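**Student:** my questions are about this predicted structure, shown below with the sequence.
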Amino acid sequence: MLTYLVAYSVALNGWLFILMGLDKKKAQQHKWRIPEKRLLTLGLVGGGLGGLLGMYLFRHKTKELKFKVIYSLGVVVLLSVIFYFLVLN
């Protein structure tokens with residue numbers, strides 16, 4: 001189970017990191033953007049670390065408090081699940 005959790009975490013965080021970069025590029029080009037709801041949902045279900053790294057590396061959405069809060073909460077959720085499986089299970 002832990003192997004699946006690690007694979008899920010790496011894939012989700014990597015995907016959100018890439019999406020943050022793509023959304024920044026599309027914003028600069030004034031093209032179609034990735035919906036905020038999608039970015040926030042991915043961050044909340046465990047992709048927060050990739051979202052935070054993408055925010056600061058690409059300098060994208062860094063002034064929006066909701067992204068900082070949701071992505072930080074996503075990191076807490078993921079760490080809690082990992083803690084559960086490593087220690088409590």
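**Tutor:** Great, that's in hand. Numbers count the residues shown, from 1 in each chain.
**Student:** remind me which residues of this structure are low pLDDT?
**Tutor:** Counting by pLDDT under 70, the chain contains no low-confidence range.
**Student:** tell me where it has helices.
**Tutor:** Taking DSSP state H, the helices of the chain run over residues 2-28, 36-42, 48-58, 65-83.
**Student:** ranking these by burial, who's on top?
**Tutor:** helix 48-58 (a mean of 21; mean count of other CB atoms under 10 Å). Quick note: C-beta positions are derived from backbone N, CA and C, even for glycine.
**Student:** and that one, what does it pack onto?
**Tutor:** For helix 48-58, the packing partners by 3 or more CB pairs under 8 Å, 6 or more residues apart in numbering; DSSP states H and E come out as helix 2-28, helix 65-83.
**Student:** so how far is the first one from its chain's centroid?
**Tutor:** In terms of CA atoms, centre = their mean, to the nearest Å, the centre of helix 2-28 is found 6 Å from the chain centre.
**Student:** same check, this time on stretch 69-77
**Tutor:** Mean-position distance between stretch 69-77 and its chain equals 8 Å (CA atoms, centre = their mean).
**Student:** that older thread, could you redo the helices of the chain as JSON lines and give each row distance to Asn89?
**Tutor:** Below are the helices of the chain laid out as JSON lines (distance: least, CB to CB, whole Å):
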{"stretch": "helix 2-28", "distance to Asn89": "9"}
{"stretch": "helix 36-42", "distance to Asn89": "25"}
{"stretch": "helix 48-58", "distance to Asn89": "22"}
{"stretch": "helix 65-83", "distance to Asn89": "10"}
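**Student:** quick one on the thing from earlier: out of the helices and strands packed on helix 48-58, flag the one nearest Glu36.
**Tutor:** helix 65-83 (8.1 Å; CB to CB).
**Student:** now what about the closest one, what contacts it?
**Tutor:** 5, 9, 39-40, 43-49, 51-52, 55, 61-62 (CB atoms under 8 Å, 6 or more residues apart in numbering).
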